[in-house]
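# the sequence and its predicted three-dimensional model are supplied below.
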Amino acid sequence: MTLAAPLPARPVDLTRIETDAAPGFDGKEADGKKALEKMGEELADLQERLFSLRAVDTKRRVLLVLQGMDTSGKGGTLRHTVGLMDPQGIKLTSFKAPTDEERTHDFLWRIEKAVPPPGFVGVFDRSHYEDVLIARVHRLVEPAVMERRYADINRFEQRMVADGTTVVKCFLHISSATQQERLLARLDDPDKQWKFNPGDVDERRRWVDYQHAYELALERCTTEQTPWYVVPSDRKWYRNWAIGQLLLETLTELDPRYPPVDFDVAEQRRRLAEA
């Protein structure tokens with residue numbers, strides 16, 4: 001990848017990773033927005049090629065996992081970056097608090113149901129990592145259960161890889177000051193107040209606990225095949241470009257090709273001319 005290398009397995013100290021940096025990009029905001037717009041055509045073309053392979057029973061698919069603190073920009077990434085691709089080839093799943101039915105199953109039960117079909121680019125807006133983040137911060141399970149979950153997640157992701165899924169995991173890394181600024185902006189704008197959740201203030205008070213929970217998740221669930229990428233996200237334009245670049249490089253590496261047709265093109269042209 002042209003971005004900074006994926007995280008090493010250990011250790012992870014988020015306080016040492018800048019939230020307003022722009023690794024891999026040498027330019028300003030206007031340049032970043034133009035670069036993202038420019039890559040849109042290539043992204044869409046590669047996605048269409050991947051989608052076309054459903055006709056030949058491909059197993060290949062891509063899963064983009066987006067995690068981050070409130071206001072880190074998961075929604076913005078969906079609009080500005082994922083939105084560059086054809087929605088018919090996208091499977092988006094936004095994970096909220098589990099339902100009563102989901103609570104009766106293993107924590108990965110609802111996640112496995114949402115894995116994208118072959119040929120799709122899937123997106124998890126929040127994900128199975130909530131069960132080692134919010135569950136750790138709020139002590140929703142016993143410590144021994146929490147420890148097993150990291151191993152469960154690694155095995156789950158390895159099964160996905162073995163079944164043809166390329167997993168791209170992005171942690172949208174923002175500063176506490178940026179989060180406060182964005183929450184205040186929602187309160188100050190009557191058109192954005194609907195996005196404000198008073199509970200976000202309560203969760204914000206646990207900032208240090210959440211950062212530690214993320215560090216543990218990033219450390220324990222980074223593998224050679226499913227690495228985590230920490231994306232500096234104080235600058236929205238850079239966040240959008242960086243994730244677009246990761247998707248572009250992932251799809252380019254997959255190199256999907258349109259499947260061959262099972263009919264005689266010349267014959268069909270003749271038939272069409274006579275119709």
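Yes, it's here. Residues are numbered from 1 along each chain as shown.
# verify the stated contact: Arg257 with Arg49.
Yes - under the criterion of CB atoms under 8 Å, Arg257 makes contact with Arg49 at 6.4 Å. For the C-beta atoms, the positions are set from N, CA and C on the backbone; glycine is no exception.
# which parts of whichever strand or helix holds Gln179 are buried?
Element membership of Gln179 [criterion: DSSP states H and E] is helix 176-188. Neighbour-count burial for helix 176-188 flags Thr178, Gln179, Arg182, Leu183, Arg186 (criterion: 16 or more other CB atoms under 10 Å).
# so who does the first one touch?
The neighbourhood of Thr178, defined by CB atoms under 8 Å, 6 or more residues apart in numbering, consists of Thr19, Asp20, Thr71, Ser233, Asp234.
# look up how far Thr77 lies from the fourth one.
It stands for Ser233. Look at Ser233 and Thr77: by CB to CB, to the nearest Å, they are 9 Å apart.
# picking that back up, so between Arg257 and Arg49, which is more surrounded?
Residue environment comparison for Arg257 versus Arg49 gives the larger neighbour count to Arg49, 18 against 10, counting by other CB atoms under 10 Å.
# tell me who's in contact with the closest residue to that one other than its chain neighbours.
Of all residues beyond its chain neighbours, the one nearest Arg49 is Pro256 (3.9 Å), with distances taken as CB to CB, 6 or more residues apart in numbering. With contacts defined as CB under 8 Å, 6+ apart, Pro256 is in contact with Leu46, Arg49, Leu50, Ser52, Leu53, Arg60.
# where does Pro256 fall, phi/psi-wise?
Backbone geometry at Pro256, expressed as degrees, to the nearest 10, gives phi -70, psi 140.
# where does the stretch 151-275 of the chain dip in pLDDT?
The stretch 151-275 of the chain contains no residues with pLDDT under 70.
# about what we covered before: could you dump the contacts of Pro256 to a markdown table with distance to Ala213, secondary structure and pLDDT?
As requested, those are exported to a markdown table (distance: CB to CB, whole Å; DSSP: H, G, I helix; E, B strand; the rest coil; pLDDT from 0 to 100):
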| residue | distance to Ala213 | secondary structure | pLDDT |
| --- | --- | --- | --- |
| Leu46 | 34 | helix | 98 |
| Arg49 | 38 | helix | 96 |
| Leu50 | 33 | helix | 97 |
| Ser52 | 40 | helix | 95 |
| Leu53 | 38 | helix | 94 |
| Arg60 | 32 | coil | 96 |
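# export the residues you listed to CSV and tack on distance to Glu102?
Formatted as CSV, the entries for these read as follows, by distance: CB to CB, whole Å:
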residue, distance to Glu102
Leu46, 34
Arg49, 35
Leu50, 30
Ser52, 34
Leu53, 31
Arg60, 28
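# and of the residues you listed, the nearest to Val121?
Val121 lies nearest to Leu50 out of the contacts of Pro256, by CB to CB, at 7.0 Å.
# would you state the strands of the stretch 51-200 of the chain in chain order?
Applying DSSP state E, counting those that start in this stretch to the stretch 51-200 of the chain gives strands spanning 61-68, 90-94, 121-125, 165-173.
# now distance to Asp26 and mean neighbour count too, for these, in CSV please.
Putting these into CSV (distance: least, CB to CB, whole Å; neighbours: other CB atoms under 10 Å) gives the following:
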stretch, distance to Asp26, mean neighbour count
strand 61-68, 25, 24
strand 90-94, 30, 16
strand 121-125, 28, 23
strand 165-173, 20, 23
